[in-house]
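>>> Just the structure for this:
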Amino acid sequence: LNRQGCSSFSICPHWREERRWGRAGQREGRAPLGVRPGSKSGPAAPTITDIEPATRRPLLLLIAGAGLFITALDAYVVVTLLPAMVADIGLTIDRFEQATPIVTGFLGGYVVAMPLLGAYSDVRGRAPVYALCMLVFAAGSAITATAGLWSFAGLPWLVAGRFLQGLGGGGLVPLSLALAADLYRNERRTAALGSVTAMQEAGSVFGPLYGATIAAAAGSIGGWRFVFWLNLPLAALCAAGLLAGSRRQRRLDAATASSLDWVGAALLGAGLGLLVLALYPDDPNTRATSGLLIPVGVLSLVVLSLYARRQATRLEPLIPSSLLRSRAFIGATLANLLIGVALMVALVDVPLLGRLVFKQDQLGSGLLLSRLLIGLPVGALLGGLLASRIGARATAVAGMILAAAAFAQMTGWQSNELAMRAGPLPVADLALVACGLGFGIVIAPLAARVLELTRAEHHGLASSLVVLSRTMGMLVGLAALTAYGLYRFRQILGTPQLNDPDVRARVDHLERLVAAAFLQEYREIFAVAAALCLLAALVAGLTIGTQPKAVPRT
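Alright, predicted model coming up:
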């Protein structure tokens, strides 16, 4: 019997596939998981790296990154557009918590899309599935832009539009990473992955400003709606550009296409999407957990259990069994999960700290967070370059140690921290930029290490697993932050004793007590985030290993 359980080597498609990929592994200086190194059988199967001319590869990567940048912009425009969107569908400010499905709808689509579309691109090809994602994203943008124009186009209509936008945008993330892995090998691959992730993170930096600027400039022709209408021509340009630029890319053979576990991909995507709904806090001001936590959480566990059973019993499961047995893959996944939790601490608590402790307005607290967000794309680009020179493990560990050091410095912040300076530079700005750099540096090396473990026909799925682990870590972090934050705030504040006869003095005293309680709470959370970063560094250092060097061709 071969490793797939087939007894006849002459007719078994798995054995023929292994023989074909044995020589491919030699050409790249590695043996993909499940293939014996040094196989002397058969010519290598051509990949996109062999097919696409070297002069065209940067253009393809740029087009894919541009689409990813557009969808990342769209993911964050709601930060500034949400109040106007909610008002136009008939929700008042006292019912603002009912707008939570607008956010969870996007996140749900984002998570559901990854395993489905990542695996589908392994069969159908990157460019056609990329164009499909752009089509879904454009359709969702059109639905979102028309919300509130008719009596039936209320909140459910808007949520449906955001879900489709998340579905299309979420699919682009693993597709773009997989395309970078397809186009480049070895050290150049890591730099390409860093470039793609830098464009995605840049979209998150400029998204809120982009949304506010376009909406203000187009006030007479739709306001916030124009932001979403603008997505249609931009999506069409990116889809057409990639289809035209990659016209020589071939699809995988029919034997590979028939082996894709569509049911498993659907179960995994649906289970994770339900988990998003269960974990996302729908009313964090009044309760620590979502009202859907128990019913939807149980349903999510049932669906994920069905997927796990299917994964364990199929001869050709969605995720290759050899990948799940890889220590490097398990380590990279766990590190990404921890990184996601720690990153959510920064994304949530830094602007809250600005508003509740430093007494900044919404714009000021957003600008405070922008220091960290600016560091993310710079760090992503830097991480790709560093990993190609000093290795994935050293780069990932260095990035996490830098983020941990920044969080450690933030545990000592005072209420007047924004006035503290180290020479000409504010201390808080240095810490936030360093934190963003650390989180950015670690993205490319972890992704490159996982992609190095997989064959080209599984790059889409592998990329989706990399992004999914970090995204699910962020959602777990958000749920944990909400629960712990409410608990610790009430515990620290207790029951204030306000005995001053002057009402104004009592109010001022209460405000100082509340600010001090928030500051203490955030210090503790930053300490936990620093510990998580150090744990992620330890996991990465012990498990992911180093990328094997290429063997020169003869």
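>>> what's next to stretch 406-420, contact-wise?
342, 345-346, 353, 357-358, 368, 426-428, 431-432, 434-435, 438, 515-516, 519, 522-524, 526-527, 529-530, 533 (Cβ atoms under 8 Å, 6 or more residues apart in numbering). In this view, the C-beta of every residue, glycine as well, is placed from N, C-alpha and C.
>>> so of those, which ones are in helices?
Among these, DSSP state H puts 342, 345-346, 353, 368, 427-428, 431-432, 434-435, 438, 515-516, 519, 522-524, 526-527, 529-530, 533 in helices.
>>> Just the buried ones from those residues?
Those of the ones in helices among the contacts of stretch 406-420 that meet the buried threshold are 342, 345-346, 353, 368, 427-428, 431-432, 434-435, 438, 519, 522, 526, 529-530, 533, by 16 or more other Cβ atoms under 10 Å.
>>> all helices of the stretch 151-300 of the chain, in order?
Assignment of helices within the stretch 151-300 of the chain using DSSP state H, counting those that start in this stretch yields the ranges 155-183, 186-217, 224-229, 231-245, 254-258, 262-279, 293-313.
>>> Would you mind finding the most buried of those helices?
Of all these, helix 155-183 carries the top mean neighbour count, a mean of 27, counting by mean count of other Cβ atoms under 10 Å.
>>> circling back: can you list the helices of the stretch 151-300 of the chain in TSV and add distance to Arg126 and mean pLDDT?
Below are these laid out as TSV (distance: least, Cβ to Cβ, whole Å; pLDDT from 0 to 100):
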stretch	distance to Arg126	mean pLDDT
helix 155-183	5	93
helix 186-217	12	89
helix 224-229	26	93
helix 231-245	8	93
helix 254-258	15	49
helix 262-279	17	89
helix 293-313	25	93
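>>> So which of these is nearest Ala444?
Nearest to Ala444, of all these, is helix 186-217, at 3.9 Å by Cβ to Cβ.
>>> distance between the closest one and the chain's centre?
Distance of helix 186-217 from the chain centroid (Cα atoms, centre = their mean, to the nearest Å) equals 12 Å.
>>> now that helix against helix 155-183, angle please.
Angle between the axes of helix 186-217 and helix 155-183 is 150 degrees (criterion: axes from the mean of the first three to the mean of the last three Cα atoms, to 10 degrees).
>>> OK, contacts around Asn403?
Just to correct that, residue 403 is Ala rather than Asn. With contact taken as Cβ under 8 Å, 6+ apart, Ala403 is in contact with 342, 434-435, 437-439, 442, 533.
>>> Next, count neighbours for Leu324.
Using other Cβ atoms under 10 Å, Leu324 has 15 neighbouring residues.
>>> Oh, that last question was meant for Arg421, not what I typed.
Counted with other Cβ under 10 Å, the neighbours of Arg421 add up to 12.
>>> Also Ser290?
Using other Cβ under 10 Å, Ser290 has 21 neighbouring residues.
>>> For it, give me its contacts.
277-282, 296, 479.
>>> And Pro351, by the same measure?
By Cβ under 8 Å, 6+ apart, Pro351 lies in contact with 365-366, 368-369.
>>> just curious, which of these is nearest to Leu230?
Nearest to Leu230 among the contacts of Pro351, with distances taken as Cβ to Cβ, is Gly366, at 21.9 Å.
>>> Out of the contacts of Pro351, which one has the lowest pLDDT?
Within the contacts of Pro351, Gly366 has the lowest pLDDT, namely 81.
>>> Next, count neighbours for that residue.
20.
>>> Over to Leu369?
Neighbourhood size, Leu369 [other Cβ under 10 Å]: 23.
>>> Next: Thr146.
Applying other Cβ under 10 Å, we find 16 residues neighbouring Thr146.
>>> Next, give phi and psi for Cys152.
Heads up, residue 152 is Phe, not Cys. Main-chain torsions, Phe152, degrees, to the nearest 10: phi -80, psi -10.
>>> What separation do you get for it and Gly90?
Distance of Phe152 to Gly90, computed by Cβ to Cβ, to the nearest Å: 12 Å.
>>> mind checking the SS state of Pro317?
Three-state assignment for Pro317 (DSSP: H, G, I helix; E, B strand; the rest coil): coil.
>>> residue contacts, it?
Pro317 neighbours (Cβ under 8 Å, 6+ apart): 261, 264, 310-311.
>>> And for Leu177?
193, 196-197, 447, 451, 459, 463, 466-467.
>>> What is the burial count for His459?
As a burial measure, His459 scores 26 neighbours (other Cβ under 10 Å).
>>> Test my guess that it contacts Ala119.
No - the criterion here is Cβ atoms under 8 Å, and His459 misses it with Ala119 at 10.4 Å.
>>> domain ranges for the protein?
Listed by automatic domain parsing, the domain ranges of the chain are 1-45, 56-256, 261-317, 324-554.
>>> which stretches of the stretch 1-150 of the chain have low pLDDT?
Within the stretch 1-150 of the chain, the stretches with pLDDT under 70 are 1-53, 92-98.
>>> The one helix or strand Thr471 maps to packs against which elements?
Secondary structure from DSSP states H and E places Thr471 in helix 459-493. Helix 459-493 sits against helix 100-124, helix 155-183, helix 262-279, helix 327-356, helix 443-452, helix 503-543, with contacts defined as 3 or more Cβ pairs under 8 Å, 6 or more residues apart in numbering; DSSP states H and E.
>>> between the longest one and helix 459-493, how big is the angle?
On the basis of the same axes, to 10 degrees, helix 503-543 is oriented at 140 degrees to helix 459-493.
>>> got the angle between helix 503-543 and helix 327-356?
Counting by the same axes, to 10 degrees, helix 503-543 lies at 170 degrees to helix 327-356.
>>> contacting residues for the nearest residue to Leu117 once chain neighbours are set aside?
Closest residue in space to Leu117, ignoring its immediate chain neighbours: Gly171 at 3.5 Å, by Cβ to Cβ, 6 or more residues apart in numbering. Applying Cβ under 8 Å, 6+ apart to Gly171 gives the contacts 113-114, 116-118, 129, 132-133, 136.
>>> Please report the distance of Ser305 from Leu267.
For Ser305, the distance to Leu267 equals 9 Å [Cβ to Cβ].
>>> Then Gly477?
Using Cβ to Cβ, Gly477 is found at 25 Å from Leu267.
>>> Which element, helix or strand, includes Pro377?
Per DSSP H and E, Pro377 falls inside helix 362-390.
>>> Show me how far the helix or strand following that helix is from its chain's centre.
Following helix 362-390 in sequence order, the next helix or strand is helix 392-410 (DSSP H and E). Relative to the mean C-alpha coordinate of its chain, helix 392-410 is positioned 19 Å out (Cα atoms, centre = their mean).
>>> Report the strands that pair with the next helix or strand after helix 392-410, each with its relative direction.
Downstream of helix 392-410, the first helix or strand assigned by DSSP H and E is strand 421-422. Using DSSP bridges, the strands paired with strand 421-422 are strand 425-426 (antiparallel).
>>> re earlier: considering the contacts of Pro351, which is situated nearest to Ser220?
Looking across the contacts of Pro351 and measuring by Cβ to Cβ, the closest to Ser220 is Gly366, at 25.6 Å.
>>> and Phe439, how many neighbours?
Counted with other Cβ under 10 Å, residues neighbouring Phe439 total 30.
>>> Ok, the one 10 residues further on next?
By other Cβ under 10 Å, 28 other residues sit near Arg449.
>>> so how far is stretch 135-147 off the chain centroid?
The answer for stretch 135-147 is 21 Å, by Cα atoms, centre = their mean.
>>> Could I get the buried residue list for that stretch?
Using 16+ other Cβ under 10 Å as the test for burial, stretch 135-147 gives 136-147.
>>> How about stretch 405-415?
Within stretch 405-415, the residues that count as buried by 16+ other Cβ under 10 Å are 405-410, 413.
>>> now those residues in CSV, with pLDDT?
Putting the buried residues of stretch 405-415 into CSV (pLDDT from 0 to 100) gives the following:
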residue, pLDDT
Ala405, 97
Ala406, 97
Phe407, 97
Ala408, 97
Gln409, 96
Met410, 95
Trp413, 93
